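Enquirer: What would the 3D arrangement of this be:
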Amino acid sequence: MKEEQQPLEGGPSVNVTAPARLHMGFMDMSGDLGRRFGSLGLCLSQICTRLTVREAKHGESAVCGPSSDRTLACVKALLKSLNLERQVRIEVEEAIPEHIGLGSGTQLSLAVGVAITRLFQLDIRLMEIANQVERGGRSGLGIGAFEFGGFLVDGGRGDDTLVPPVISHIAFPESWRVLLIFDHVRQGKHGRDERLAFSQLPKMASSQVSHICRLVLLQVLPALAEADYDGFGDAITEIQEIIGDHFAVLQGGRFSSLLVADVIARLKAQGIKGVGQSSWGPTGFAVLDNETRAYQLLRDLRARSDIDDTLSFMVCKARNRGADITVRGSRLPNSATSS
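Expert: Predicted structure coming up:
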């Protein structure tokens with residue numbers, strides 16, 4: 001996380017910019033070694049939740065901007081859990097689109113939690129905030145994206161785990177780009193439907209678990225360290241295929257959107273690597289080894305007349321740092337909340 005303190009302007013306030021993330025797959029859906037899940041993810045630039053929090057001197061807490069109902073519900077739950085009788089006003093300037101696989105709920109909740117604890121000078125660590133806002137139950141990627149950025153691996157849940165620990169965060173090559181594929185008609189599973197789906201998942205074969213873990217440790221991470229596009233892309237694609245087939249019974253196929261699946265198939269036929277679906281989708285992704293190639297592919301896709309008009313595309317950079325936090329107001333210490 002990057003934190004700044006600025007002079008007082010219109011009363012104390014805290015601004016938080018929390019980045020979106022891709023969830024690129026699980027490592028262990030069996031839990032035979034005592035830890036289940038374990039996740040791979042990538043922090044993104046250009047898609048974020050940005051909000052500003054001030055104290056409300058009169059009246060109830062209020063929120064304006066996108067995702068305002070969700071934000072207000074988070075505010076009320078957090079103030080209640082912290083036993084705070086004070087109220088806040090929040091302006092949401094930008095919000096990660098909800099339920100499309102980009103981590104909107106976790107980033108919004110952490111942004112609200114960090115902003116409020118900074119504003120009221122509460123000495124609460126980020127992991128404690130995550131617990132307060134009930135985030136990080138299955139994956140630690142959202143907390144890792146908020147704190148570190150870059151490419152992340154979490155170690156899954158053990159019997160006594162509160163938030164799955166981030167066991168690796170490594171910088172993503174600056175020259176690489178990520179093409180995102182959006183299906184604006186569909187949403188991924190969330191809430192009760194997601195919990196039910198996980199309860200119905202079959203156990204993953206130990207041979208598949210072992211293979212995924214080997215790919216992560218001996219191909220994905222070394223390839224990133226050496227900026228080896230082919231090695232990274234081949235491994236991510238293979239992991240995505242294994243995970244997609246495992247979840248197929250619950251999402252109707254390897255991908256939750258048939259339209260996204262069709263685009264991914266076209267990209268693979270062109271030799272594009274590092275392709276897959278983020279979380280429950282429907283958002284798809286493809287990794288490109290340079291900006292020129294990424295934008296040429298973007299132009300080609302947008303120009304095609306045989307691609308459904310409910311799809312859209314975007315090129316992103318990875319983000320190799322976590323959230324930005326700006327504290328305005330001389331009464332607010334810069335280190336009010338430790339991470």
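
Enquirer: which stretches of the stretch 51-200 of the chain form strands?
Expert: Ranges of strands in the stretch 51-200 of the chain, per DSSP state E, counting those that start in this stretch, are 62-64, 87-94, 151-154, 166-170, 177-183.

Enquirer: any idea how this protein splits into domains?
Expert: 2-172+320-328, 177-316 (automatic domain parsing).

Enquirer: And the first one, end to end?
Expert: Domain 2-172+320-328 stretches 14 Å from its first residue to its last (C-alpha to C-alpha, to the nearest Å).

Enquirer: Go ahead and measure how far that domain is from the middle of the chain.
Expert: 10 Å (C-alpha atoms, centre = their mean, to the nearest Å).

Enquirer: wait, what's in contact with Gly113?
Expert: Residues in contact with Gly113 (C-beta atoms under 8 Å, 6 or more residues apart in numbering) are Cys74, Leu78, Ile129, Ala130, Gln132, Val133. In short, each C-beta sits where N, CA and C put it, glycine included.

Enquirer: go again using 10 Å as the cut-off
Expert: Neighbour list for Gly113: 16, 74-75, 77-78, 81-82, 122, 124, 126, 128-133, 135, 146, 337 [criterion: C-beta atoms under 10 Å, 6 or more residues apart in numbering].

Enquirer: Please apply the same query to Gly322.
Expert: Counting by C-beta under 10 Å, 6+ apart, Gly322 touches 1-2, 17-19, 43, 110, 126, 143-150, 169, 339.

Enquirer: Can you select the buried ones from these in ChimeraX?
Expert: Per 16 or more other C-beta atoms under 10 Å, the buried members of the contacts of Gly322 correspond to this ChimeraX selection:
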select :1,17,18,19,43,110,126,143,144,145,146,147,148,149,150,169,339
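
Enquirer: which one of the strands of the stretch 51-200 of the chain has the most crowded surroundings?
Expert: Across the strands of the stretch 51-200 of the chain, averaging neighbours per residue (mean count of other C-beta atoms under 10 Å) puts strand 151-154 on top, at a mean of 27.

Enquirer: Quick one: list the elements packing against the helix or strand harbouring Ile239.
Expert: When elements are assigned from DSSP states H and E, Ile239 belongs to helix 229-251. Counting contacts by 3 or more C-beta pairs under 10 Å, 6 or more residues apart in numbering; DSSP states H and E, helix 229-251 packs against strand 13-28, strand 37-56, helix 191-200, helix 206-215, helix 221-225, helix 258-269, strand 273-277, strand 284-288.
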